[in-house]
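**Q** Pasting the sequence and the predicted model now:
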Amino acid sequence: MPKNQAQLAARIDARVKEAVEKYCRAKGLKMNRFIETALLDRLEEIEDIEEVKRLRTEPTRPLKDFLRDLKRDGLL
């Protein structure tokens, strides 16, 4: 096993495993790659959710003030 790889063992529902195997066979994918991509996609989703939560708590200002500042700065 290359130095930058690690093994991960997990117990999952047999039906989920069968579905993943079936999908990978149909698409010609390696199961390891499919699982790694799925995990990375999920981690990215979690990061996006956290970013949205952070953005929702940021202070806001009225649109008219924002537009005024854009005009003042020659951006609008």
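**A** Sure thing, it's come through.
**Q** Now find how far off-centre the helix with the most length in the chain is within its chain.
**A** For the chain, the helix with the greatest residue count under DSSP state H is helix 31-57. Put simply, helix 31-57 sits 3 Å off its chain's centre (Cα atoms, centre = their mean, to the nearest Å).
**Q** cool, and stretch 45-63?
**A** With Cα atoms, centre = their mean, you get 16 Å for stretch 45-63.
**Q** Run through who's touching that stretch.
**A** Outside of stretch 45-63, no residue comes within contact range by Cβ atoms under 8 Å, 6 or more residues apart in numbering. For glycine as for every other residue, the C-beta is placed from the backbone atoms N, C-alpha and C.
**Q** What residues sit buried inside that stretch?
**A** Within stretch 45-63, no residue is scored as buried using 16 or more other Cβ atoms under 10 Å.
**Q** Take that stretch, keep the C-alpha atoms, and write them as CSV.
**A** Provided in CSV are the C-alpha atoms of stretch 45-63 (Å, rounded to 0.1, in the frame of the first residue of the first chain):
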residue,chain,number,x,y,z
GLU,A,45,-21.2,19.5,1.8
ILE,A,46,-20.6,19.8,5.6
GLU,A,47,-18.1,22.6,5.0
ASP,A,48,-20.6,24.4,2.8
ILE,A,49,-23.3,24.0,5.4
GLU,A,50,-21.0,25.5,8.1
GLU,A,51,-20.2,28.4,5.7
VAL,A,52,-23.9,29.1,5.2
LYS,A,53,-24.5,29.1,9.0
ARG,A,54,-21.6,31.5,9.4
LEU,A,55,-22.9,33.8,6.7
ARG,A,56,-26.4,33.9,8.2
THR,A,57,-25.0,35.3,11.4
GLU,A,58,-22.9,38.0,9.7
PRO,A,59,-24.2,41.6,10.2
THR,A,60,-26.1,43.0,7.2
ARG,A,61,-26.8,46.5,6.0
PRO,A,62,-29.6,48.0,3.9
LEU,A,63,-29.4,47.5,0.1
